[in-house]
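Asker: Predicted model and sequence below, questions to follow.
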There are 6 protein chains.
Amino acid sequence: MAQATSQRSKEYAIEEFIVRSEPYYRVVGDELELFTAAYNQHIPVLLKGPTGCGKTRFVEYMAWKLGRPMTVVKGGKGKKKDEDDEVRVPLVTIACHEDLTASDLVGRYLLDANGTRWIDGPMTRAVKAGAILYLDEVVEARKDTTVLIHPLTDHRRILPVEKLGTVIEADDRFLLCISYNPGYQSALKDLKHSTRQRFISIEFYYPPRDIEAEIIARESGCSAETADSLAKLGEKIRNLEDHGLQEGASTRLLIYAARLISEGIEPRRACQVAIVWTLTDEVELQRSLEEVVSSIFE
Amino acid sequence: MAQATSQRSKEYAIEEFIVRSEPYYRVVGDELELFTAAYNQHIPVLLKGPTGCGKTRFVEYMAWKLGRPMTVVKGGKGKKKDEDDEVRVPLVTIACHEDLTASDLVGRYLLDANGTRWIDGPMTRAVKAGAILYLDEVVEARKDTTVLIHPLTDHRRILPVEKLGTVIEADDRFLLCISYNPGYQSALKDLKHSTRQRFISIEFYYPPRDIEAEIIARESGCSAETADSLAKLGEKIRNLEDHGLQEGASTRLLIYAARLISEGIEPRRACQVAIVWTLTDEVELQRSLEEVVSSIFE
Amino acid sequence: MAQATSQRSKEYAIEEFIVRSEPYYRVVGDELELFTAAYNQHIPVLLKGPTGCGKTRFVEYMAWKLGRPMTVVKGGKGKKKDEDDEVRVPLVTIACHEDLTASDLVGRYLLDANGTRWIDGPMTRAVKAGAILYLDEVVEARKDTTVLIHPLTDHRRILPVEKLGTVIEADDRFLLCISYNPGYQSALKDLKHSTRQRFISIEFYYPPRDIEAEIIARESGCSAETADSLAKLGEKIRNLEDHGLQEGASTRLLIYAARLISEGIEPRRACQVAIVWTLTDEVELQRSLEEVVSSIFE
Amino acid sequence: MAQATSQRSKEYAIEEFIVRSEPYYRVVGDELELFTAAYNQHIPVLLKGPTGCGKTRFVEYMAWKLGRPMTVVKGGKGKKKDEDDEVRVPLVTIACHEDLTASDLVGRYLLDANGTRWIDGPMTRAVKAGAILYLDEVVEARKDTTVLIHPLTDHRRILPVEKLGTVIEADDRFLLCISYNPGYQSALKDLKHSTRQRFISIEFYYPPRDIEAEIIARESGCSAETADSLAKLGEKIRNLEDHGLQEGASTRLLIYAARLISEGIEPRRACQVAIVWTLTDEVELQRSLEEVVSSIFE
Amino acid sequence: MAQATSQRSKEYAIEEFIVRSEPYYRVVGDELELFTAAYNQHIPVLLKGPTGCGKTRFVEYMAWKLGRPMTVVKGGKGKKKDEDDEVRVPLVTIACHEDLTASDLVGRYLLDANGTRWIDGPMTRAVKAGAILYLDEVVEARKDTTVLIHPLTDHRRILPVEKLGTVIEADDRFLLCISYNPGYQSALKDLKHSTRQRFISIEFYYPPRDIEAEIIARESGCSAETADSLAKLGEKIRNLEDHGLQEGASTRLLIYAARLISEGIEPRRACQVAIVWTLTDEVELQRSLEEVVSSIFE
Amino acid sequence: MAQATSQRSKEYAIEEFIVRSEPYYRVVGDELELFTAAYNQHIPVLLKGPTGCGKTRFVEYMAWKLGRPMTVVKGGKGKKKDEDDEVRVPLVTIACHEDLTASDLVGRYLLDANGTRWIDGPMTRAVKAGAILYLDEVVEARKDTTVLIHPLTDHRRILPVEKLGTVIEADDRFLLCISYNPGYQSALKDLKHSTRQRFISIEFYYPPRDIEAEIIARESGCSAETADSLAKLGEKIRNLEDHGLQEGASTRLLIYAARLISEGIEPRRACQVAIVWTLTDEVELQRSLEEVVSSIFE
């Protein structure tokens, strides 16, 4: 059982969440060069792409990659020395949604024994710590969140903290990165041009079949043959998108199927629960998908 | 009277709600194997199915089933030793609705004699205690709740607690399980693909007639004959679903009828109040249902 | 004057609101047997019926009726010994509406000299005290209220108190009872099946004419003849419901008319202010109703 | 100048607002007898009628009229002895609107040097003090306000105070009275039948011309001739209601015109600013109204 | 430069904002007589008219004008003696909007070292101080604000302070004045008749050309010729209102143009930035307006 | 790397944010003269123009430009002496959005060891400090924010602080400046005339091609040739606006492309990520834009 070497729950300060070991990320094109150039030039980055194609993993990889040697203040409270005397770039990730307020991001006053005390929010912590601040699914955010990032994304690189009456200039290492799924784009929930035109944009899609098979095998520990079949399945299902399927199967779902197979579940049943039933509730569509599964796993 | 051996109200800490005695759950297919494989692989599980078909009972059963031997810290505050030195997996159930905030789930600051004090919410408790966290009727949840589960359901398995400025890594035993009734699915209240594609999905339906009769008899103490008749009634009513009935009779309603009969209520009257009047307010439809009842309980 | 023996305002703890003297309730069918069977079996009860037909009075009557001999802890704080050493079932009534929050029902933290203090809400008090909890007009409730009752209405019989991080098991005597007027049923405000299918349902309607006359006479002290005429009027007006009248005259309005007549108001004038002007603002409809009145009280 | 005998601002406890001197109210029909009968029988009263026809004045008059001899506790804190040893019925008036919460009416906790302290709201004060509670324009109220009055208006006569966990039985002298303008009635803002059928209803309209002239003369101190002309003007304008005028001129506006005339403003100019420009912004309609004015004040 | 004699920021208590020196107001008709008559008779006043036509200035002028000799309490805390021993009428102005709550106007509890403390809001201060309370753009107000003024505007002249549980009788000098732009009138945002019929109404419009030229010259210090040309321009533009222009140029904009011309800006350019570009964003309409400008400033 | 001379995060009081060194701003027309004339005359300024055309930079430049010699109070707390004994005009910028409350702008009470303490908001600080207050994208603001600026923008120049019960007269150097993008103008989100007619308006557009090339070269350090090509590209793309493109490429995006090129990214790829993918998600439109790019960077 995976739980044999049981690991207990741990808690970190949000800006101490540093990617310490190299995450598995399979480079597909020139995305590394583009992100690095933007980082050097202080240009904010927008990642576009469908569900589960690897955007979050890419940002984690870049946070690890951009680590470089720096002088470290010894014994600093709340700062830890890295093994090889390098300081990694902290990564602060925020999943955006309609109910996330500016206070949740910037900070708020709390009541203390001696009166009110100010607590920096994750955005303020990222700005001060020089982190990569990753706003996932930014179109889901409320207007106040979207507008908060404006002064951080032009030449000013400042965060006004209205409740404190102060303005914070960002640390030189700070970079804002946001993600967005154009498939969900609607009249109501689109990124305004006054926001969009503050970013360069890198488009992502599912990896090509051979690379996706490589990823599936690596992430699930399944056989090369199973991985190939699942990558083929993913490709076929994505071609069905015009036939009523709202969105294709993500690489993540193909990995889930592979891992169920590794646990001894029969391949067609594994594909049914990991892919078919997850993608749709409609019986007709489920049948079409199961035919595709059967054509591959006879 | 059932109340003869009167039991008084008790209060537990939410993460100490452990299913200690085997709950009655009648296995229908390979649902045990699928859930166990997902649990071992840290893959979150989505249960789909109609009202009252046994999804909640299944999760309770799995929480009981997945208990296994572990070293227990003796005398630990708020931790109790199990009879047979095994630690059961705690089950934290949350019924989702539109007014449940992220604070209700993650935690909030309370004012104390010495200022503010942080209280973990049920989701934070589940993540720390390594519980099965069961979000019932997840489509009813607000966006902020739905988004909260994203970092818990991918390779990161973390819960960011923005109000504390911390990030919590889940205990190794933690698993997220959600449920959902596809019959209610509408354009407005559907699970987004960026959420769906983080789960494998197990579909449930009412049990076949002979198994349902077995369940009715077991849960109500009624005669086998009554149980058979009620299971037959359930089957017939579900076939009426296309004729204007919004949803079929759940197994629970059949058990209610059986229990009223055990209390001496005449079977046709018991079916009327437990099933017919509960399923619909429309007179025409009530008449059709009563004809079905009369054809079985002459 | 009724006010001669003036009674001053009194204040009770909500769970000490016990129906001590037998309320006047005129039994019409087998509603007593059905409610008692459900109570014994821990099956929640839904009462359906139009405005003012006696649902609230029935629940009060059942709370009185279900009182039975029990051992009473002497000198217990906040518990009072009944005259005949019996403990009545407390009745906690909550009129549901859109702005009633889960906190209003379950409880909230209040600030004290020593910090925050938790105050149980009426639902928590009812669950602990083993009361009949009566949610009047439940379709008016917000989603969070409706969902709160789910774990109380299945085999678990628990109330999760998320703000305390606890789970309360209901006292054995606890029963949930809800009411609902199908006449108001609309697409927007209907009871979801996942809620409905947790109850047996008892349908109520206005009593038959002779019983209604009996009730009017008893409640107003008017003559048998006046009571007969008013019951006849009620019956006639209810038949007009298809001719533009939104809802028929309730028994309560007939009693109001009878009581105005007892105070010396001329019968046709009493019917006009108690019934005609109350039922509608439309002049045409008022004229039709007044014709019906004149045909009875010439 | 009216301000010559300048009167400074005064502040009263809301339940000490007692109508001490007889207010000017011109009785039109049997409204006194109806209200008194309802008061004696504890039947709540609904007053229907257009803007400014005298509903508020009538309730003030009834509060004064229903005063009667009672034993008064001497030296009682917050209670004042009336000149002639009679205790008047206090009048608590609440203008309803969409943002009035249940807490505004029932009460709330306030923070004190020693923690939280409960403050009774005006409704609770009225219930305890045995006042006439007058809810003006009740259809404007939110659902929670409307539902609050249900247990106060049936045989229970109780006010549940959920935030205290208590139930208050009303003082014997307490009566609820509400008002409502059927002219504003719309699908969205109508009184539900479950609320309506808890009241008897008295319909009001503008007084007949001779009585209205009497009222105008009395309230403005103008000449009988001017009063007659203005009453005639009011009558004529109300007949225009079908020709595009949303609502007729209230008695109040006619009195305003009379008072401007008393201050030396030319009658036609006085009618223009008090009546024509107040009733409508549309130029066409203003011209029609001015023609009516000119036909009377040549 | 205007800033040469630099004046620093000052802060006053809201009810001490008294118009001490005669404001420049050019009387057009009998508005002084009407307002004075209404003030003497305690009749509330509604000012109707387009943007920037002088309503606010008129109220300031009346507040100054209605000052009259009174006995002043010497050394009174928070009360200042006027130079000539006269007490001016304080002017409390409130710009209405959708988010202004009843608490913002009436007052609220604040937390102090010794617990909560009540702070009167501007409306309460005006009622107590006997001020003219001017509610600017009253149709923008929320329902609760609109309803708050009802008991202040009939014979009662009271302000119920529900949060204190008190009722305040207005000082004899108190008068309510509201303003409103009928041009914005819409189905959603109209003044209800139950509110309207509590006021007399004075209609305002832009002043006639010769008077407007006088005002422009006086307010900007420009030449009589420039002032004449701008007044002519204003008149011509207002005649364009039917040709797609939402609203004509206010006197204020004409003064802005005159002041830019005084600063050396070329007249046609001054009219473009002060008038044309301010009135509309549509290129076609801007061209039409510029032609009008060119026809006057060749 | 740009980060070599790493700069750490700094925090300022909002009214101490003074533009100390001359910002790069390329004057295009008479905008300096217009703004200076308006500043001298206390006339508020509205800047109209598309995304990223330089409005924010212009206001910063004017704040720097309008600095002039003044007597400085030495050793004043929170006030710093400028190098050349001049006091610059502070610049307070607020990005408007739907969730920015009046309290966020004006100030709020905070709880302290000694009770509540008032904290001035950024608008109050700007009014007191004599700053230029720049409200960016003012149409996004809520009604209460928009109305707050009314008394600051007419002859009164006051800020009523309702929660304190005070009125603040603005420092003589204070000026309000707002911006607005007419391209976003819609029925729902337009500036009301009662607000618009309080400003003169200066219209901005992208600079002409030769000036834009100058700006690109200066801001990115790229070659004159690259800058010329990008300016040409910007011009061509803006002409596509009628062919389905919602908004043209801002000068900012052209600078981003130039900076990526400086980092070694191939020009066509740099234009793709900085301009094409940022401007649109539609494949057809992306192709058209890429053809324009290819026609310039062959």
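Answerer: Good, I have the coordinates.
Asker: all strands of the stretch 51-200 of chain A, in order?
Answerer: Taking DSSP state E, counting those that start in this stretch to define them, one finds strands in the stretch 51-200 of chain A at A:68-69, A:86-87, A:91-95, A:107-112, A:115-120, A:132-136, A:158-161, A:166-169, A:175-180, A:200-203.
Asker: would you list those in a markdown table and tack on mean neighbour count and distance to chain B?
Answerer: For glycine as for every other residue, the C-beta is placed from the backbone atoms N, C-alpha and C. Shown next, in a markdown table, are the strands of the stretch 51-200 of chain A (neighbours: other CB atoms under 10 Å in any protein chain shown; distance: least, CB to the nearest CB, whole Å):
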| stretch | mean neighbour count | distance to chain B |
| --- | --- | --- |
| strand A:68-69 | 11 | 23 |
| strand A:86-87 | 15 | 18 |
| strand A:91-95 | 24 | 4 |
| strand A:107-112 | 18 | 4 |
| strand A:115-120 | 17 | 7 |
| strand A:132-136 | 25 | 7 |
| strand A:158-161 | 23 | 15 |
| strand A:166-169 | 21 | 16 |
| strand A:175-180 | 26 | 10 |
| strand A:200-203 | 22 | 17 |
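Asker: Let me have these in a markdown table, adding distance to chain C and mean pLDDT as columns.
Answerer: Formatted as a markdown table, the strands of the stretch 51-200 of chain A follow (distance: least, CB to the nearest CB, whole Å; pLDDT from 0 to 100):
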| stretch | distance to chain C | mean pLDDT |
| --- | --- | --- |
| strand A:68-69 | 44 | 44 |
| strand A:86-87 | 38 | 57 |
| strand A:91-95 | 21 | 89 |
| strand A:107-112 | 10 | 74 |
| strand A:115-120 | 15 | 78 |
| strand A:132-136 | 26 | 94 |
| strand A:158-161 | 28 | 89 |
| strand A:166-169 | 30 | 90 |
| strand A:175-180 | 30 | 94 |
| strand A:200-203 | 39 | 96 |
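Asker: closest to residue E:144 out of the ones you listed?
Answerer: With distances scored as CB to CB, the stretch of the strands of the stretch 51-200 of chain A nearest to residue E:144 is strand A:107-112 (27.8 Å).
Asker: quick one: pLDDT of residue A:113?
Answerer: If you check residue A:113, the pLDDT there is 57.
Asker: Could you save the strands of the stretch 51-200 of chain A as JSON lines and add columns showing distance to residue E:50?
Answerer: Shown next, in JSON lines, are the strands of the stretch 51-200 of chain A (distance: least, CB to CB, whole Å):
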{"stretch": "strand A:68-69", "distance to residue E:50": "64"}
{"stretch": "strand A:86-87", "distance to residue E:50": "63"}
{"stretch": "strand A:91-95", "distance to residue E:50": "47"}
{"stretch": "strand A:107-112", "distance to residue E:50": "44"}
{"stretch": "strand A:115-120", "distance to residue E:50": "46"}
{"stretch": "strand A:132-136", "distance to residue E:50": "45"}
{"stretch": "strand A:158-161", "distance to residue E:50": "37"}
{"stretch": "strand A:166-169", "distance to residue E:50": "40"}
{"stretch": "strand A:175-180", "distance to residue E:50": "45"}
{"stretch": "strand A:200-203", "distance to residue E:50": "47"}
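Asker: what packs against the host helix or strand of residue A:271?
Answerer: Taking DSSP states H and E as the definition, one finds residue A:271 inside helix A:267-271. Using 3 or more CB pairs under 8 Å, 6 or more residues apart in numbering or on different chains; DSSP states H and E as the contact criterion, the elements in contact with helix A:267-271 are helix A:224-239, helix A:251-262, helix A:283-296.
Asker: The ones you listed into TSV, with extra columns for mean neighbour count, distance to chain E and mean pLDDT?
Answerer: As requested, the helices and strands packed on helix A:267-271 are exported to TSV (neighbours: other CB atoms under 10 Å in any protein chain shown; distance: least, CB to the nearest CB, whole Å; pLDDT from 0 to 100):
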stretch	mean neighbour count	distance to chain E	mean pLDDT
helix A:224-239	19	45	95
helix A:251-262	26	44	96
helix A:283-296	14	44	94
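Asker: Export these as JSON lines, with columns for distance to chain F.
Answerer: JSON lines is the format used below for the helices and strands packed on helix A:267-271 (distance: least, CB to the nearest CB, whole Å):
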{"stretch": "helix A:224-239", "distance to chain F": "16"}
{"stretch": "helix A:251-262", "distance to chain F": "21"}
{"stretch": "helix A:283-296", "distance to chain F": "25"}
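Asker: Mind checking the strands of the stretch 51-200 of chain A for the one nearest to residue B:218?
Answerer: In terms of CB to CB, the element of the strands of the stretch 51-200 of chain A nearest to residue B:218 is strand A:91-95, at 43.9 Å.
Asker: Report the contact partners of residue A:118.
Answerer: For residue A:118, the contacting residues are A:107, A:108, A:109, A:110, A:163, A:164, by CB atoms under 8 Å, 6 or more residues apart in numbering or on different chains.
Asker: measure it to residue F:106 for me?
Answerer: From residue A:118 across to residue F:106, the span is 19 Å (CB to CB, to the nearest Å).
Asker: what do you get for residue A:166?
Answerer: To residue F:106, residue A:166 is 17 Å away according to CB to CB.
Asker: before we move on, what about residue A:255?
Answerer: In terms of CB to CB, residue A:255 sits 53 Å off from residue F:106.
Asker: and after the helix holding residue A:271, which helix or strand comes next?
Answerer: With elements assigned by DSSP H and E, the helix or strand that comes after helix A:267-271 is helix A:277-279.
Asker: gap between that next one and the chain center?
Answerer: With CA atoms, centre = their mean, to the nearest Å as the basis, helix A:277-279 stands 22 Å off its chain's centre.
Asker: Go ahead and name everything in contact with it.
Answerer: With contacts defined as CB under 8 Å, 6+ apart, helix A:277-279 is touched by A:237, A:245, A:247, A:249, A:253, A:285-286, A:289, B:46, B:48, B:196-197, B:199-203.
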